[in-house]
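> Make a model of this:
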Amino acid sequence: MIDKVIKELIIYAESKNLTEKEDRAYLVNRVLEVLKKEDYTDSPDNISLRPLEDILEDLISYAIEKGVIENSIVYKDLFSTKLMGVLTPRPSEVIRKFNNDYSVSPKKATDEFYKFCQDCDYIRAYRVKRDLKWKTATEYGDIDITINLSKPEKDPKAIAAAKLLPQSGYPKCQLCRENEGYSGRVNHPARQNHRIIPITINDSDWFLQYSPYSYYNEHCIVFNAEHTPMKIDRSAFKKLLDFTELFPHYFVGSNADLPIVGGSILSHDHFQGGNYEFPMARAEIETEITFKGFENIKAGIVRWPMSVIRLNGKNKEEVISLAEKILLSWRDYTDKEAFIFSETDGEKHNTITPIARRRGESFELDLVLRNNITTEEHPLGVYHPHKELHHIKKENIGLIEVMGLAVLPARLKGEIAEIKRCILEKEDISSNEKISAHADWVKEIKEKYEDINKENIDKIIEDEIGLVFSEVLSHAGVYKRTAEGKKAFMKFISNIE
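So this is what the prediction gives:
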């Protein structure tokens with residue numbers, strides 16, 4: 001029976017143009033090697049292909065049964081990636097195809113590469129589909145909400161095993177180019193089926209890859225060939241706009257370069273992009289600004305819960321120069337009345353989250369002002385989700401959230417189901433350990449809606465989660481959307497020289 005599944009895997013690879021029919025005997029032997037199986041009986045070619053997830057599940061079950069691997073999500077993922085690595089073309093072949101497709105159009109190149117990353121199971125599309133997603137209408141327009149279920153949580157066995165491993169400096173991080181083809185370990189994902197595309201931005205070597213978790217359509221990562229720390233400066237703006245010239249159908253942005261307001265990997269310079277229009281990109285300018293010496297650039301404050309200055313112009317160098325001017329002014333800006341401090345005790349607090357896109361022939365750059373100061377009242381950050389919102393979102397607000405897509409923790413799926421049950425059955429939530437952290441929020445929901453029933457509870461809870469995320473963004477905004485906040489924002493604008 002397992003021999004038929006092996007044949008099915010090979011036929012799958014051929015159907016996705018990962019391999020050729022002439023490779024069959026060779027690939028069967030490679031798969032047998034991974035399975036530690038010494039014999040094989042061929043099957044007819046007229047196989048009705050099942051989804052790849054089912055094929056791999058059968059091969060994983062066989063490996064567990066034969067003692068090849070342990071029954072653990074981490075070991076199963078390491079094993080399935082090793083299997084798919086056997087079927088994934090060499091990097092040179094992938095790069096050659098990408099460049100050939102790019103000669104037709106940038107969009108064809110990215111369309112084909114994204115499909116390839118799903119076909120070879122680097123992006124486990126069947127897991128991404130499990131993510132819960134919806135939109136919530138707010139005063140800033142519709143915002144996107146997702147509860148991420150595609151990123152597997154480590155199990156106790158793997159966590160225990162990871163503690164016993166010696167510290168490894170290879171690869172230096174999960175973004176380094178050395179990940180391509182890496183076999184992985186319990187504390188580092190396998191990447192035998194991972195492929196990257198070399199690109200040049202700002203006359204330097206970078207690479208394009210896709211995120212294995214795809215939080216949005218064609219979620220790509222652009223990373224420096226060198227393992228060098230994140231830095232927001234003039235060259236960062238240049239790299240972002242250079243990228244939009246290479247791939248005008250993609251947006252690209254950078255996490256800020258400081259803790260709390262930055263991304264999860266500050267040790268390796270990288271951007272994130274993709275073929276997706278975020279809610280913030282749809283938000284309009286509500287206050288126009290003119291900067292002396294840059295009259296050709298349309299600029300203004302964006303109608304958004306965070307503090308965003310938008311620049312739009314056809315001259316790339318002018319956009320870069322104005323962005324640098326704003327950045328340098330913000331780095332050293334202090335306004336005690338607005339509780340903006342550029343530094344305390346020698347620690348820098350001000351930085352920017354930049355996002356670039358093309359609007360026809362124009363370059364558009366959104367500059368989101370960030371500050372990571374902490375206090376005794378807000379030890380995780382003053383401009384960070386405050387404690388009363390942690391039951392929904394406690395993690396840092398990085399680039400993706402800034403643009404209006406909430407990436408919420410997987411724990412919420414079970415908690416939401418329990419909240420709905422308790423509301424409908426009129427149980428006391430405050431005494432339920434699983435969901436007691438949501439008690440105050442649920443009380444507000446009950447007071448807000450006269451009638452909550454089976455027909456409307458799903459929509460109500462989704463909408464209320466979306467409204468909490470909108471409040472999360474307002475907490476992260478350095479200038480609040482009040483008369484005082486707007487006045488303080490304009491005070492900073494007038495300080496830019």
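> what residue ranges in this protein score low on pLDDT?
152-165, 167 (pLDDT under 70).
> Quick one: list the elements packing against the longest helix seen in it.
Longest helix of the chain, by residue count under DSSP state H: helix 457-476. Helices and strands touching helix 457-476, by 3 or more C-beta pairs under 8 Å, 6 or more residues apart in numbering; DSSP states H and E, are strand 132-138, strand 141-147, helix 399-402, strand 405-408, helix 411-424, helix 439-448. C-beta: built from backbone N, CA, C; applies to glycine.
> at 10 Å what do you get?
In terms of contacts (3 or more C-beta pairs under 10 Å, 6 or more residues apart in numbering; DSSP states H and E), helix 457-476 is packed against strand 132-138, strand 141-147, helix 279-282, strand 362-371, helix 399-402, strand 405-408, helix 411-424, helix 439-448.
> Format those as CSV; extra columns: mean neighbour count and distance to Pro51.
Listed next are those as CSV, based on neighbours: other C-beta atoms under 10 Å; distance: least, C-beta to C-beta, whole Å:
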stretch, mean neighbour count, distance to Pro51
strand 132-138, 16, 21
strand 141-147, 20, 23
helix 279-282, 18, 32
strand 362-371, 24, 39
helix 399-402, 23, 28
strand 405-408, 22, 26
helix 411-424, 16, 23
helix 439-448, 14, 38
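> Spell out the secondary structure type for the residue nearest the centre of the chain.
Closest to where the C-alpha atoms of the chain average out (C-alpha atoms, centre = their mean) is Tyr215, at 5.2 Å. Secondary structure, DSSP: H, G, I helix; E, B strand; the rest coil: Tyr215 is coil.
> Correct me if wrong: Thr374 contacts Gly381.
Yes. Using C-beta atoms under 10 Å, Thr374 is in contact with Gly381, at 5.5 Å.
> where do the contact lists of the two overlap?
Counting by C-beta atoms under 10 Å, 6 or more residues apart in numbering, the common neighbours of Thr374 and Gly381 are 259-260, 349.
> Name the nearest of these relative to Glu462.
Distance to Glu462 across those (C-beta to C-beta) is lowest for Ile260, with 28.2 Å.
> Surely that closest one forms part of a helix?
No. Counting by three-state DSSP, Ile260 falls outside a helix, being coil.
> how much space is there between it and Gly381?
As for Ile260, its distance to Gly381 is 5 Å (criterion: C-beta to C-beta, to the nearest Å).
> Verify the assumption that Ile221 is located in a strand.
Yes. When three-state DSSP is applied, Ile221 is found to be in a strand.
> partner residues bridging it?
Taking DSSP bridges as the rule, Ile221 bridges to Gln209, Gln272.
> My guess is it contacts Arg177. True?
No. Applying C-beta under 10 Å as the test, Ile221 and Arg177 come out as separate, 11.8 Å apart.
> any common contacting residues for the two?
Joint contacts of Ile221 and Arg177 (C-beta under 10 Å, 6+ apart) are 196, 207, 209.
> got the contact list for the last one?
Applying C-beta under 10 Å, 6+ apart, we find Gln209 in contact with 113, 117, 122, 175, 177, 179-180, 191, 194-197, 220-223, 270.
> For the buried ones among those, write the corresponding ChimeraX selection.
One line in ChimeraX is enough to select the buried ones among those; burial here means 16 or more other C-beta atoms under 10 Å:
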select :113,117,122,175,177,179,180,191,194,195,196,197,220,221,222,223,270
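> Narrow the contacts of Gln209 to those in helices?
Among the contacts of Gln209, the ones falling in helices (DSSP H) are 113, 117.
> ok, Thr374 and Gly381, which is more surrounded?
Taking other C-beta atoms under 10 Å, Thr374 and Gly381 do not tie; Gly381 has more neighbours (22 against 17).
> Is that one in a helix, a strand, or coil?
coil.
> Do I have it right that it meets Val472?
No. Assessed by C-beta under 10 Å, Gly381 is found out of contact with Val472, at 11.8 Å.
> Identify the contacts common to those two.
Here Gly381 and Val472 have Ile397 as joint contacts, going by C-beta under 10 Å, 6+ apart.
> rewinding a little: okay if I get the shared contacts of Thr374 and Gly381 as JSON lines plus neighbour count and distance to Glu324?
Formatted as JSON lines, these follow (neighbours: other C-beta atoms under 10 Å; distance: C-beta to C-beta, whole Å):
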{"residue": "Pro259", "neighbour count": "13", "distance to Glu324": "23"}
{"residue": "Ile260", "neighbour count": "20", "distance to Glu324": "23"}
{"residue": "His349", "neighbour count": "24", "distance to Glu324": "19"}
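> Would you format these as a markdown table with distance to Ile64 included?
Output for the shared contacts of Thr374 and Gly381, formatted as a markdown table (distance: C-beta to C-beta, whole Å):
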| residue | distance to Ile64 |
| --- | --- |
| Pro259 | 41 |
| Ile260 | 42 |
| His349 | 51 |
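> in terms of contact, does Glu277 touch Ala283 like I think?
No. Using C-beta under 10 Å, Glu277 is not in contact with Ala283, being 11.0 Å away.
> neighbour count winner among those two?
Shown here are Glu277 and Ala283; by other C-beta under 10 Å, Ala283 has more neighbours (19 against 13).
> how near is Gly360 to Leu473?
Counting by C-beta to C-beta, the gap from Gly360 to Leu473 is 28 Å.
> Please disregard the earlier target; I meant Met84.
38 Å.
> how many other residues sit next to Arg130?
For Arg130, the number of neighbouring residues by other C-beta under 10 Å comes to 13.
> Dihedrals phi and psi, the nearest residue to it once chain neighbours are set aside?
The shortest distance from Arg130 to any non-neighbouring residue, by C-beta to C-beta, 6 or more residues apart in numbering, is to Leu149 (4.5 Å). Dihedral angles of Leu149 (phi, psi; degrees, to the nearest 10) stand at phi -120, psi 0.
> likewise Glu22?
phi -70, psi -20.
> still on that earlier bit, which neighbours do Glu277 and Ala283 share?
Common neighbours of Glu277 and Ala283 (criterion: C-beta under 10 Å, 6+ apart): Met403.
> so where do the helices sit in the stretch 1-150 of the chain?
Remark: helices assigned in the stretch 1-150 of the chain by DSSP state H, counting those that start in this stretch are 2-15, 24-35, 52-65, 73-87, 91-104, 106-119, 125-128.
> Looking at the ones you listed, which is nearest to Asp345?
helix 73-87 (41.0 Å).
> Which helix or which strand is home to Phe320?
If you look again at residue 320, you'll see it is Ile, not Phe. helix 316-331 (DSSP states H and E).
> Only the buried residues of that helix, if you could.
Quick answer for helix 316-331 (16+ other C-beta under 10 Å): 316, 318-327, 330-331.
> cool, stretch 23-40 as well?
Residues of stretch 23-40 classed as buried by neighbour count (16+ other C-beta under 10 Å): 24, 27-28, 30-31, 34-35, 37, 40.
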